[in-house]
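>>> mind looking at a prediction? Sequence and model below.
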Amino acid sequence: MVFSRRYLPVILAALASWIVTGCATNRSETANPQIPIPASTAQLRPGDSLTISLQGIPDASTNAVQIDDQGLISLPYIGTLQAAGASTAELSQRIRETYVAKAIYTALDVSVSVTERYVYVGGEVQRPGRIIWTPDLTAGKAVQAAGGFSLYARENAVSLVRDNHAYTIDIKLAQSQPSQDPRLMPGDSLQVPRSPF
């Protein structure tokens, strides 16, 4: 009895510390971070696939191009142009002006349309790689589209990178609570880390 009274304050302090730590841990696990959504998805991004039609000229053409990592596209006779950051209308105007300024054509009609946009899923998933973006694509759906988690995936610490900022997402939480499943934007990247166990 003397033994228990003597150590009772230490045991109670340790118990209180454990309870507080446990409560703090549970509180942080109940919500994924709020990730800023760009004002518009109209801006073109690296990785976007485009169809560019040149009409009203003797050698009318349709070109399938993809915006490279530097944000550039390449077109016949004019070479590379900056495409990332522009809307399709702005890019159409830029292409038209470049052809006219280089005296290749005096007038032409240009139309630009986005054919496919992507997000990227890497790390501990069954099929890492790019996934076609759709307006309803969420982090949980992207992992499912990549074949699901591998055996060693750390499902509660997935890194979502958007506009050079990284956010840690708990996909298990997102799958059990759809309101916690962040919607993805074109160009987003998910990286699933390996569990240390």
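Sure thing, it's come through. Keep in mind it's a predicted model, so treat the numbers as computed, not measured.
>>> show me where this protein dips below the pLDDT cut-off.
Scanning the chain for pLDDT under 70 picks out the ranges 1-30, 38-41.
>>> domain assignment for it?
The domain map for the chain lists 49-116, 118-192, with the assignment taken from automatic domain parsing.
>>> which of the ones you listed sits most buried?
domain 118-192 (a mean of 17; mean count of other C-beta atoms under 10 Å). Yep, even glycine has a C-beta here, placed from its N, CA and C like the rest.
>>> what's the first-to-last distance across it?
17 Å (C-alpha to C-alpha, to the nearest Å).
>>> re the thing from before, out of the domains of the chain, nearest to Pro36?
domain 118-192 (7.7 Å; C-beta to C-beta).
>>> next SSE after the host helix or strand of Gln144?
Per DSSP states H and E, Gln144 falls inside helix 139-145. Heading C-terminal from helix 139-145, the first helix or strand you meet, by DSSP H and E, is strand 158-162.
>>> in its sheet, what does that next one sit against?
Strand 158-162 pairs in its sheet with strand 165-169 (antiparallel), strand 189-192 (antiparallel), by DSSP bridges.
>>> can those go into a markdown table with extra columns for distance to Pro46?
Converted to a markdown table, the strands paired with strand 158-162 look like this (distance: least, C-beta to C-beta, whole Å):
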| stretch | distance to Pro46 |
| --- | --- |
| strand 165-169 | 16 |
| strand 189-192 | 11 |
